[in-house]
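Trainee: Sequence plus predicted model, see below.
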Amino acid sequence: MIHLAGPVVLAAALAGAGVYGLLARRNAVLVLIGAELLLNAVNVLLVTAGTLPAGGLAALSAGGPARATAGDPLLPGPVLAIVVITIAAAEIGLALAVVLLTFRQRGTSDLTELRELGEGSPTYDEHPDAGELPPPASAPETPPGDDRTPSAAGAVR
Amino acid sequence: MSGAELLFAAFGLLAATAAFLAVGSRHVVHAALWLVVALGSLAGVYLVLGAEIVALVQLLVYVGAVVVLVLFALMMTRAPIGIRDDLFVGKGQRLAAVLAGVAVAGLLGGTLLVAVGDATVDPDTARGQAEPIGRAVFAAWALPFELLSLLLLAALIGAVAVSRGRQK
């Protein structure tokens, strides 16, 4: 017998740590670690819900110890936990590709320095359609017409 | 306190501690390694809760693949080695982050604690094994499962397209 307060408190702690990691970190990869912890908090709750009998908490409290032990035949708890794990894998693969591209283009993975679209940046423009955009402060060094790929250019840096 | 509850408490405490160290470490690589500990002990939590196949998938996908990906990303972005103080945002924003984390944890934990009351469950390990899960996935959950494979394919193509950059 496992008291349900344990998994609930664990999921809350993981979610709190995940939110803190998302908001307090500057390195993009460390921000993603916070996102992973949030997804795992969801998974703990899903697996915990999968241990309940069919009908959920209401059936548990109504039946008492002599309740029907039949679970939901669809097994939504563990199946949805596996779905979340798959989505997390897809998410982190794509997100790390974006982080790597950002690092190649800008030379940093510090999120507080990526301000090209912010008002304080030298390239910020109130009306981007009005005129030609000024070149970005740290433009990718591949000149137009160069047939080297940007990845090759980034690798030699 | 039963044996399962004791085991759950041990794994849960380890997971929570490692999670806090993963978001609080001043050492970039240590943060990723604490993530390994957190995810691995969460697999133990799932095992105690009777979800055997979820625990195995967690070990395979998270500890095996995601963490390796994170470590490779840290290497390829030339993450600093050693203790660094510039891993966190400024003091004010960090305080706000602590408040937001505590608020989320308090709200989620408080609401759910009220909801579950003092209910206990007896995990049925037979239901978490590969065969019933496989039957459920390939019968009732067939369409979501196929959509997931499509999502993975899209993420794969997207990651390749993004990391190749613009082709002239």
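Mentor: Perfect, thanks for sending it. Numbering: from 1, shown residues only, chains lettered A, B, ... in the order given.
Trainee: What pLDDT is listed against the most centrally placed residue in chain B?
Mentor: Nearest to the geometric centre of chain B sits residue B:39, at 5.4 Å (C-alpha atoms, centre = their mean). The score at residue B:39 is 95. That number is its pLDDT.
Trainee: On the three-state scheme, it is what?
Mentor: Counting by DSSP: H, G, I helix; E, B strand; the rest coil, the backbone at residue B:39 sits in helix.
Trainee: wait, what's in contact with the spatially closest residue to it that is not a sequence neighbour?
Mentor: Leaving aside its sequence neighbours, residue B:39 sits nearest to residue B:62 (C-beta to C-beta, 6 or more residues apart in numbering or on different chains; 4.4 Å). C-beta here means a position set from N, CA and C on the backbone, and glycine is covered the same way. Counting by C-beta atoms under 8 Å, 6 or more residues apart in numbering or on different chains, residue B:62 touches A:36, A:40, A:85, A:88, B:39, B:43.
Trainee: and what of residue A:87?
Mentor: Neighbouring residues of residue A:87 by C-beta under 8 Å, 6+ apart: A:39, B:148, B:151.
Trainee: related to what we said a few turns ago, can you tell me the SS state at the residue nearest to residue B:39?
Mentor: Once three-state DSSP is applied, residue B:62 turns out helix.
Trainee: now the helices for chain B?
Mentor: B:3-24, B:28-48, B:52-57, B:67-76, B:91-116, B:130-139, B:142-164 (DSSP state H).
Trainee: can you state the direction angle for the first one and helix B:91-116?
Mentor: It stands for helix B:3-24. Angle, helix B:3-24 to helix B:91-116, by axes from the mean of the first three to the mean of the last three C-alpha atoms, to 10 degrees: 160 degrees.
Trainee: for the record, mean pLDDT for the lengthiest helix in chain A?
Mentor: Assignment by DSSP H gives helix A:76-106 as the longest helix of chain A. On average, the pLDDT along helix A:76-106 is 91.
Trainee: One more: stretch B:156-168?
Mentor: Here the average pLDDT along stretch B:156-168 is 81.
Trainee: One more: stretch B:50-59?
Mentor: The model assigns stretch B:50-59 a mean pLDDT of 93.
Trainee: Mind listing what's buried along it?
Mentor: Under the neighbour-count criterion of 16 or more other C-beta atoms under 10 Å in any protein chain shown, stretch B:50-59 has B:50-55, B:57-59 buried.
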